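Enquirer: Make a model of this:
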Amino acid sequence: MNGLRNLTVRSAGVALGILLTATTLLGAESVRYQGVPRGSSVKIDGTSTVHDWTVEGKLIGGSMIVDGEFPSDLSVSTVPELTSLPTVGVKIPVTSLKSGKSTMDNVMHGAMKHTKHRMIDYKLTKMTPSAAERQSGDPLRYDAEGTLTVAGVTKPIKMPVELVGHGDGGLKISGKAKVKMTDFGIKPPAPKIALGLIKTGDQVDITFEWVTKKRVKK
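Expert: Purely as a prediction, here's the structure:
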């Protein structure tokens, strides 16, 4: 009888544990922050033997999915750890990047092989709180690691990012990074104009502001 009673107690304990786990999972919410058409921007700054140059785009698509609400209290003294890694996927149409000069745009888009690889893609692989000192009201700063795919070539990339609230529960995420064109199999353009004497530098600086809206709860 004692053995039967102990077995019944253990079985009840296991059942209770399963029930509590299921309740926790069912109670957990995922929040989707979706990129919106207006407000976002990406800028690429580079150099050449003639002058510095800039191209800009206004389209940043994709989404960020997090478990529960993303931290939004900017009064905290330290940036909070994330309970789980957000699922982040970002897409930027290559031809949305413009310099204001059609000849330069054609050269740039061709160098990025836009007919075969229409999108620039980014995926997040790691995100940790920044160790930098902060004051109340500062943006939440994280060190992000991910993969960047340009012209069909994928490379790891690290960058600091900042998050602030935007609109009705949305987020604005900004960041910057330095990359080399040759890392992605892109030969720095040397246009045939001016006898081919114009050559662009390999390294470019990328800065962005990605505006998102809280769209879906599960």
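
Enquirer: what are the ranges of the helices in this protein?
Expert: Here the chain has its helices, by DSSP state H, at 2-27, 102-111.

Enquirer: Mind telling me which of these the model trusts least?
Expert: Mean pLDDT is lowest for helix 2-27 out of the helices of the chain, coming in at a mean of 39.

Enquirer: Extract the C-alpha trace of stretch 148-158 and format it as PDB.
Expert: Listed next in PDB are the C-alpha coordinates belonging to stretch 148-158 (Å, rounded to 0.1, in the frame of the first residue of the first chain):
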ATOM      1  CA  LEU A 148      24.900  40.400 -43.400                       C
ATOM      2  CA  THR A 149      24.200  39.200 -46.900                       C
ATOM      3  CA  VAL A 150      25.100  41.400 -49.800                       C
ATOM      4  CA  ALA A 151      25.400  40.400 -53.500                       C
ATOM      5  CA  GLY A 152      24.800  36.800 -52.500                       C
ATOM      6  CA  VAL A 153      27.700  36.700 -50.000                       C
ATOM      7  CA  THR A 154      27.000  36.200 -46.200                       C
ATOM      8  CA  LYS A 155      29.500  37.500 -43.600                       C
ATOM      9  CA  PRO A 156      29.300  38.000 -39.800                       C
ATOM     10  CA  ILE A 157      29.000  41.600 -38.600                       C
ATOM     11  CA  LYS A 158      29.100  43.300 -35.200                       C
END
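
Enquirer: What count of nearby residues applies to Ser96?
Expert: By other Cβ atoms under 10 Å, 16 other residues sit near Ser96. (Glycine included, C-beta is placed from N, CA and C.)

Enquirer: Mind listing the residues bridging to Ile65?
Expert: On the basis of DSSP bridges, Ile65 is bridged to Arg32, Thr87.

Enquirer: how many other residues sit next to it?
Expert: When neighbours are defined as other Cβ under 10 Å, Ile65 has 15 of them.

Enquirer: dump the residue contacts of it.
Expert: Neighbouring residues of Ile65 by Cβ atoms under 8 Å, 6 or more residues apart in numbering: 30-33, 86-88.

Enquirer: how about 6 Å then?
Expert: By Cβ atoms under 6 Å, 6 or more residues apart in numbering, Ile65 lies in contact with 30, 32, 87.

Enquirer: low-scoring stretches of the chain, by residue?
Expert: 1-28, 69-73, 191-197, 216-218 (pLDDT under 70).

Enquirer: At which residues are the strands of it located?
Expert: 30-35, 41-46, 53-57, 61-67, 87-93, 119-129, 140-150, 153-166, 170-180, 203-217 (DSSP state E).

Enquirer: ok, back up a step: which of the contacts of Ile65 sits closest to Val179?
Expert: Nearest to Val179 out of these is Thr87 (Cβ to Cβ; 23.0 Å).

Enquirer: ok, the closest one to Gly110 distance?
Expert: To Gly110, Thr87 is 33 Å away according to Cβ to Cβ, to the nearest Å.
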